[in-house]
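# when you get a sec, could you give me coordinates for this:
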Amino acid sequence: MMDNIPPMCYTPVMSMFEAKGDGFRGERMIVLPTEAFQGYVEHPQVRRMYLTDVGFFPRAKDHYRERKDGIEEYILIYCTEGSGVIRLEGREYQLHANEAFCIPRFKGHRYWASSEDPWSILWVHFKGADTEFFPLEEKRVVKMVSSNASNRMMFLFELLFKVLDGNYTLGNFIYISQVLSLILAEIYEREKRDSTQEQNRHVTSVVRYMYKHIHENLTLEQISEEFELSRSYLNAIFQKYTQHSPMDFFINLKMKEACKMLRSSDLYIYEVAQRLGYGDQYYFSRIFKKVVGISPKEYKNSDYFHYKE
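Sure, this is the predicted structure:
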């Protein structure tokens, strides 16, 4: 049976990219004639996720591709260096190093490498029932912030190339399907973990900044500018991790510091207020009572240690 299987089809790049007659130096591209392996493709462990084309184009100067009606497979593009543009449904998406983008099936599109800093891309065309488990229709750039993301992606794609350079067996088709699933999980599942880690770092950095400037009247605009993060993003991550808005969290820090000062020093209430950036003692007292539950005077003259979160 295996003797009748045709050899792997290597498509010359010049047939796909008219602008580059000689292709790209160091390129790798494999097109699988899946119609010749229909029996394999229909296997339960293969049909759930299988590729039809895969490649690597390093520093692909003048790379351009346009498909007005799209194709029947998803197209995953992962940029390892440089940059390029993907145009889809009237919108352009900039793709840079360590970023990925999936073009949905049957969607007209075109994409091209930057003329100033041409991208290097790993790409794969694929389809199958398990594609529904990944957000492939969202049309968005996925940024992989992990420091060794590129190495992991190169490794997984190298596994694909290595297996595809070997024999056409059912076992290899099943293996390819599994590696392809790993590639998608690497992008979309790790994105969730990377995003959580990045958000944690942002919250931690902002909180440290608040402690450092606890004697000042910071505004959300100032914090936003300092960290080059949008106010909506700051509100979202603080609500997620502290259950407070950034400014409410900052006020709580100030009131905790006020409690320490009132307990451990002979400072007058107006002095505590001034040291925490409040020029109006009465406004400070109202905020203190709202947060702590009693007035600064009552707190200072009592054994009350409770702090209302």
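
# ok, and for stretch 87-94, which residues are buried?
Leu88, Tyr93 (16 or more other CB atoms under 10 Å). Placement of C-beta: from N, CA and C, glycine included.

# now do the same end-to-end measure for that stretch.
Stretch 87-94 has an end-to-end distance of 9 Å (CA to CA, to the nearest Å).

# which residues are in contact with that stretch?
83-86, 101, 103, 107-111, 139-141 (CB atoms under 8 Å, 6 or more residues apart in numbering).

# name the nearest of those residues relative to Ile251.
When the contacts of stretch 87-94 are compared for distance to Ile251 (CB to CB), Arg140 wins out at 35.2 Å.

# Asp248 is in what secondary structure piece?
Asp248 is part of helix 246-264, with elements assigned from DSSP states H and E.

# show me what that helix is packed up against.
Helices and strands touching helix 246-264, by 3 or more CB pairs under 8 Å, 6 or more residues apart in numbering; DSSP states H and E, are helix 170-212, helix 220-227, helix 231-242, helix 269-275, helix 281-292, helix 296-300.

# looking at these, spot the one closest to Leu262.
That would be helix 296-300 among the helices and strands packed on helix 246-264, by CB to CB, at 4.4 Å.

# flag every buried residue along the closest one.
For helix 296-300, burial by neighbour count (16+ other CB under 10 Å) applies to Pro296, Tyr299, Lys300.

# grab the nearest non-local neighbour of the second one.
The shortest distance from Tyr299 to any residue that is not its chain neighbour, by CB to CB, 6 or more residues apart in numbering, is 5.7 Å, and that residue is Leu262.

# what residues are up against Leu229?
Contacts of Leu229 (CB under 8 Å, 6+ apart): His202, Ile223.

# coming back round to it: what's the helix holding Asp248 in contact with?
With CB under 8 Å, 6+ apart as the criterion, helix 246-264 contacts 206-207, 210-211, 214, 218-220, 223, 234-235, 238, 242, 244, 267, 269, 272-273, 275-277, 284, 287-288, 291-292, 296, 299-300, 307, 309.

# that one versus helix 170-212: what angle between them?
Counting by axes from the mean of the first three to the mean of the last three CA atoms, to 10 degrees, helix 246-264 lies at 50 degrees to helix 170-212.

# list the buried residues for helix 246-264?
246-247, 249-252, 254-255, 257-259, 261-262.

# over to stretch 232-239?
Leu234, Asn235, Ile237, Phe238.

# domain-wise, how is this structure divided?
Listed by automatic domain parsing, the domain ranges of the chain are 2-191, 213-309.

# which of the buried residues of stretch 232-239 lies closest to Leu170?
Among the buried residues of stretch 232-239, and counting by CB to CB, the member closest to Leu170 is Ile237, at 47.2 Å.

# show me what contacts the closest one?
Contacts of Ile237 by CB under 8 Å, 6+ apart are Gln199, His202, Val203.

# so for it, what's the nearest residue that isn't a sequence neighbour?
Per CB to CB, 6+ apart, closest to Ile237 is Gln199, 4.7 Å.

# quick one: pLDDT of the one you found?
Predicted confidence (pLDDT) for Gln199: 78.

# Gln239 is in contact with that one, correct?
No - Gln199 sits out of contact with Gln239 when judged by CB atoms under 8 Å, with a separation of 11.2 Å.

# do I have it right that Phe101 meets Glu138?
No - counting by CB under 8 Å, Glu138 is not a contact partner of Phe101; they are 10.0 Å apart.

# okay, those two: which has more neighbours?
Phe101 (24 against 11; other CB atoms under 10 Å).

# list the contacts of the residue nearest to Lys127 when sequence neighbours are not counted.
Among residues not flanking Lys127 along the chain, Glu73 sits closest, at 4.7 Å (CB to CB, 6+ apart). Counting by CB under 8 Å, 6+ apart, Glu73 touches Thr52, Asp53, Arg105, His125, Phe126, Lys127.
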